[in-house]
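[1] Any chance you could fold what I've pasted below:
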Amino acid sequence: MNGFDHRCVAIIGGGNMGADVALVFAAGGWDAHVVEPAEAARAKLPQRFAGGAQQIDARAALDRLHVHGRLEHAPWARVGLVVECVPEKLELKQAVFAQLEQLARADCILTSNSSSFPISDIAAGLKTREPMLGLHFFLPAHLVPLVEVIRSDATDAGLPEKLFELMRALGRVPVHVRRDIPGFLANRLQHALAREAFALIDSGVATPEDIDAAVRFGFGLRFLAAGPCLQRDHAGIDVHTAAAATMYPTLANDAEPARVLRDKVAAGRLGMKTGRGFYAWDEASIRAEKARYEGLLLAGMELLQNELPRRR
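    You can find the predicted model right below:
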């Protein structure tokens, strides 16, 4: 039997990421079962579902979303796909997959939404590693279409393409990460940019405000139309190569996080969650910022509609 016959997915973890991933599947016609043991987190899910469904005009999806407090309560006889979205702690993820190995059907595909851990590390010690892959969404998952499909050396060779087709059917943009390395593809690119940005702050070249403006209103705007490889074809590879020869020797290559980051962590200035990071936050400014941020994401998605896969 094909594990996707029932179009039933289990999402392990009901935080913001898990809730949004569940909505992606429900909007595509799947029954999505979210497992969240924390009562407080479960209580927030209906509001999160309703808000997300309104943003993507998928109110009918709400009837396909189900919440459970215990892993064993999911309908494992029907579940053909699992997406693990628990906090980014390796031991916790390994413990979840050890349980899934006992509960899931033999033809169930087991995936992790980990943003950094190699899939082979999460699968270490499991009896069956062949049905395991990475399936990495980006927050907010119902608004950001990119999904990374990551295989390990032990992954069954036919599974990545199967997940590719499923993600396309759900209106996502999948990319294949062909080597199981920390951070995969998109996060490595983001952190390479961030390392240079924070090094520029550490050295007094620019402020956080100037860094953000340079990215958002400069090359970041162009990235909506073309990624770095296509951009080089537009600008001329010879021009980029000459500029790279000048700049590359002076770019940051630090092996540890920047001082500005370490100092903020030490001071407990962690961003919105603590009321202070690079910027100051209170409840009103957080609400306003999230509305502005998600509104721009929706506008960007509207611009890209003709280039996205059609949800089936």
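[2] only C-alpha atoms for contact and neighbour calcs from this point on.
    Fine.
[3] name the element W76 belongs to?
    Following DSSP states H and E, one finds W76 outside all helices and strands.
[4] can you start the count at 727 instead of 1 from here on
    In the new numbering, first residue 727, that becomes W802.
[5] which residues touch it?
    829-831 (Cα atoms under 8 Å, 6 or more residues apart in numbering).
[6] just these now: which is nearest G860?
    A830 (17.0 Å; Cα to Cα).
[7] I'd guessed that closest one sits against A800; true?
    No: in this structure A830 lies outside contact range of A800 using Cα atoms under 8 Å: 9.8 Å.
[8] ok, and the most crowded of the contacts of W802?
    Counting neighbours by other Cα atoms under 10 Å, the top entry in these is A830, with 23 neighbours.
[9] Could you find the closest non-adjacent residue to A849?
    Of all residues not flanking A849 in the chain, R855 sits nearest, at 6.0 Å (Cα to Cα, 6 or more residues apart in numbering).
[10] How far does the worst-scoring helix or strand of the chain on mean pLDDT sit from its chain's centre?
    Every helix and strand in the chain was compared by mean pLDDT, DSSP states H and E; the lowest is helix 845-848, with a mean of 92. The chain centre lies 17 Å from the centre of helix 845-848; the measure is Cα atoms, centre = their mean, to the nearest Å.
[11] Which secondary structure elements does that helix sit against?
    In terms of contacts (3 or more Cα pairs under 8 Å, 6 or more residues apart in numbering; DSSP states H and E), helix 845-848 is packed against helix 816-829, strand 858-863.
[12] Most tightly packed of these?
    Of those, the one with the most neighbours on average (mean count of other Cα atoms under 10 Å) is strand 858-863, at a mean of 27.
[13] Restricting to C-alpha, output the helix or strand following it in CSV.
    Per DSSP H and E, the first helix or strand lying C-terminal to strand 858-863 is strand 872-876. The C-alpha coordinates for strand 872-876 follow below in CSV (Å, rounded to 0.1, in the frame of the first residue of the first chain):
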residue,chain,number,x,y,z
LEU,A,872,10.4,27.1,0.2
VAL,A,873,10.8,23.6,1.6
GLU,A,874,14.2,21.7,1.8
VAL,A,875,14.1,18.0,1.1
ILE,A,876,17.2,16.5,2.7
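[14] Give me the angle between strand 872-876 and strand 858-863.
    With axes from the mean of the first three to the mean of the last three Cα atoms, to 10 degrees as the basis, strand 872-876 and strand 858-863 are set at 170 degrees to each other.
[15] List the pairing partners of strand 872-876 within its sheet, with orientation.
    Looking at strand 872-876 with DSSP bridges, its partner strands are strand 858-863 (antiparallel), strand 899-903 (parallel).
[16] Low-confidence ranges, the chain, go.
    Within the chain, the segments meeting pLDDT under 70 span 727-729.
[17] which SSE is L889 in?
    helix 885-895.
[18] how distant is that helix from the center of its chain?
    16 Å.
[19] List the buried residues of that helix.
    885-886, 889-890, 892-895 (16 or more other Cα atoms under 10 Å).
[20] Stretch 1005-1022 now?
    W1007.
[21] In CSV, please show the C-alpha coordinates belonging to it.
    The C-alpha coordinates for stretch 1005-1022 follow below in CSV (Å, rounded to 0.1, in the frame of the first residue of the first chain):
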residue,chain,number,x,y,z
TYR,A,1005,15.5,46.7,18.8
ALA,A,1006,13.1,47.4,21.8
TRP,A,1007,9.8,45.6,21.9
ASP,A,1008,6.6,45.7,23.8
GLU,A,1009,3.3,43.9,23.1
ALA,A,1010,1.9,46.7,20.9
SER,A,1011,5.1,47.0,18.8
ILE,A,1012,5.4,43.2,18.5
ARG,A,1013,1.8,43.0,17.1
ALA,A,1014,2.4,45.9,14.7
GLU,A,1015,5.7,44.4,13.5
LYS,A,1016,4.3,40.9,12.9
ALA,A,1017,1.4,42.5,11.0
ARG,A,1018,3.8,44.5,8.8
TYR,A,1019,6.1,41.6,8.3
GLU,A,1020,3.4,39.1,7.3
GLY,A,1021,1.7,41.7,5.2
LEU,A,1022,4.8,42.1,3.1
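[22] L861 against I876, yeah?
    Yes: with contact defined as Cα under 8 Å, L861 counts as touching I876 (6.5 Å).
[23] So R804 is in contact with C734, correct?
    Yes: counting by Cα under 8 Å, R804 does reach C734; the two are 6.2 Å apart.
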